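> below is the sequence, then the predicted model.
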Amino acid sequence: NHGRSLLMGTTSSTESAQTVLERTVVASTRWLSLVTLTYRDAKGESRKWDLVSRTTKRSPTAADAVAIFVKLRGAGKEASTMLVR
């Protein structure tokens with residue numbers, strides 16, 4: 001959503017809201033979508049953030065989460081799991 005204001009936690013009167021400038025879908029499957037979000041931060045700087053969202057989400061305003069589990073395998077090492085949240 002272009003121009004949507006993001007309020008991350010509480011803001012003081014000296015901070016301005018962050019504004020989404022662009023959402024670019026990088027890749028998509030039946031269940032998930034990889035999106036690059038371009039936004040303007042509280043200091044006016046343009047920044048990018050990569051996120052994963054569910055394509056099956058019914059309401060754009062409802063809370064949602066995607067958990068990513070990565071299994072790392074090194075030569076001669078026991079496999080380990082990395083959690084990105």
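In hand now; what should we look at? Numbering: from 1, shown residues only.

> and the residue nearest the centre of the chain?
When the chain is reduced to its mean C-alpha position, the nearest residue by Cα atoms, centre = their mean turns out to be L51, at 2.8 Å.

> quick one: stretch 39-52 to chain centroid distance?
On the basis of Cα atoms, centre = their mean, to the nearest Å, stretch 39-52 sits 11 Å off its chain's mean C-alpha point.

> again, but for stretch 35-51
On the basis of Cα atoms, centre = their mean, stretch 35-51 sits 10 Å off its chain's mean C-alpha point.

> let me know the average pLDDT across that stretch.
In this model, stretch 35-51 carries a mean pLDDT of 93.

> residues of that stretch that come out buried?
By 16 or more other Cβ atoms under 10 Å, the buried positions in stretch 35-51 come out as 35, 37, 39-40. Yep, even glycine has a C-beta here, placed from its N, CA and C like the rest.

> how far does it stretch from start to finish?
Distance across stretch 35-51, first residue to last, is 5 Å (Cα to Cα, to the nearest Å).

> helix or strand next in line after the helix or strand of the chain with the lowest mean pLDDT, which one?
Across the helices and strands of the chain, mean pLDDT, DSSP states H and E gives its lowest value to strand 5-6, namely a mean of 45. Next helix or strand after strand 5-6 toward the C-terminus (DSSP states H and E): strand 18-28.

> who does that next one pair up with?
Here the strand partners of strand 18-28, with direction, are listed using DSSP bridges: strand 5-6 (antiparallel), strand 32-40 (antiparallel).

> Serialize those to TSV and add fields for distance to A65.
Written out in TSV, the entries for the strands paired with strand 18-28 read as follows (distance: least, Cβ to Cβ, whole Å):
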stretch	distance to A65
strand 5-6	17
strand 32-40	12
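
> test my guess that A67 contacts L83.
Yes - with contact defined as Cβ atoms under 8 Å, A67 counts as touching L83 (7.2 Å).

> hang on, the earlier thing: I'd say the residue nearest to the centre of the chain and Y39 touch.
No - contact between L51 and Y39 fails when scored by Cβ under 8 Å: they sit 11.0 Å apart.

> between the two, which contacts overlap?
Contact criterion Cβ atoms under 8 Å, 6 or more residues apart in numbering; residues shared by L51 and Y39: none found.
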